[in-house]
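Q: after the sequence you'll find the predicted model.
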Amino acid sequence: MDYFEDFAAERKLSPAVLAAALGACATETLLLNSERIEQRFGSYGVDVLASEAGLRRSSLFSIANQQRVCRTYSIVRFTDQPDRSYGHEHTKVLEGNSLGQVFRSHGWSIHKQTLHIGSVEVEGPASEVCELMRLRGTQVLALHVYQLLLVKNTQVFEYALIIEAHHPDHLSSSDLLEIYHYDDSESLSADALLKLTALLKSKSAA
């Protein structure tokens, strides 16, 4: 947790990257992850598993055989000082609503500045991720680490650092590479990646 906070504080994007986000959001029409889940599996919901001190763990799920199946396990580290420009939307997110849907419905564009696309190995049944995804044994899941930027008019705000692990039936690392632009100059060090994946494998607070 302490490392995640330090890492988030250090990952300040350059003005050039922020300017590029403005240009990208003028033309981007990417589906939200919630929309992808609903289109593929026929339903969508979000369970907030834990929320404390700016950190939120969530299960983005669909319904299969009358059970909730996690399609994306997400850890979100919000910025320490949310801007008043999106204060209302941020409150709704903290209340447990879907992040992407809240901001899109209030006129914000969302840009994901990818820091890493790869995979992470998790082991059930001890793994919370495997349990939520209804998976058994050792599993290799697609991993996406990115900074989420909010864009409206000419304003760009760094909103959160996000780690996502995806169910094998939902997205692979190859799928992620096709969907998102990945600039290696913004990629993570091996040490940073190891520590962030360790957070992903840890249990959410009770």
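A: That came through fine.

Q: nearest spatial neighbour of Gln147, skipping sequence neighbours?
A: Residue nearest to Gln147 in three dimensions, not counting chain neighbours: Gln113, with 4.4 Å by CB to CB, 6 or more residues apart in numbering. The C-beta positions use only the backbone N, C-alpha and C, and glycine is treated the same way.

Q: okay but that neighbour is in contact with Leu149, surely?
A: Yes. Taking CB atoms under 8 Å as the definition, Gln113 is a contact partner of Leu149 at 6.1 Å.

Q: ok, now which ones touch the nearest residue to Asp183 once chain neighbours are set aside?
A: Spatial nearest neighbour of Asp183, excluding adjacent residues (CB to CB, 6+ apart): Thr114 at 7.4 Å. Each residue near Thr114 by CB atoms under 8 Å, 6 or more residues apart in numbering is listed here: 144-146, 180-183, 186.

Q: can I get those residues in CSV with pLDDT?
A: Below are those laid out as CSV (pLDDT from 0 to 100):
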residue, pLDDT
His144, 95
Val145, 93
Tyr146, 91
Tyr180, 87
His181, 78
Tyr182, 77
Asp183, 71
Glu186, 61
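
Q: out of those, give me the one that has the most neighbours.
A: For those, counting by other CB atoms under 10 Å, the largest number of neighbours falls to His144: 26 neighbours.

Q: quick one: it is in a strand?
A: Yes. Judged by DSSP: H, G, I helix; E, B strand; the rest coil, His144 forms part of a strand.

Q: ok, what's across the strand from Phe78?
A: With DSSP bridges as the criterion, Phe78 is bridged to Ala160.

Q: pretty sure it contacts Glu158?
A: No. Using CB under 8 Å, Phe78 makes no contact with Glu158, being 10.1 Å away.

Q: and the residue nearest to the spatial centre of the chain, what is it in contact with?
A: Compute the mean C-alpha point of the chain, and by CA atoms, centre = their mean the closest residue is Ile162, 4.1 Å away. Residues in contact with Ile162 (CB under 8 Å, 6+ apart) are 74-77, 112, 144-148.

Q: which among the residues you listed gets closest to Gly54?
A: Nearest to Gly54, judged by CB to CB, of the contacts of Ile162 is Arg77 at 6.3 Å.

Q: partners of the helix or strand harbouring Val140 in the sheet?
A: Val140 is located in strand 138-152, with elements delineated by DSSP states H and E. Next to strand 138-152 in the sheet, as set by DSSP bridges, lie strand 109-123 (antiparallel), strand 155-166 (antiparallel).

Q: how far off centre is whichever helix or strand comes after the first one?
A: Where DSSP H and E defines the elements, the next helix or strand beyond strand 109-123 is helix 128-133. Between the centre of helix 128-133 and the centre of its chain there are 16 Å (CA atoms, centre = their mean, to the nearest Å).

Q: can you check stretch 197-206 too?
A: So, by CA atoms, centre = their mean, the centroid of stretch 197-206 is 15 Å from its chain's centroid.

Q: next, the buried residues of that stretch.
A: Residues of stretch 197-206 classed as buried by neighbour count (16 or more other CB atoms under 10 Å): 197, 199-200, 204.
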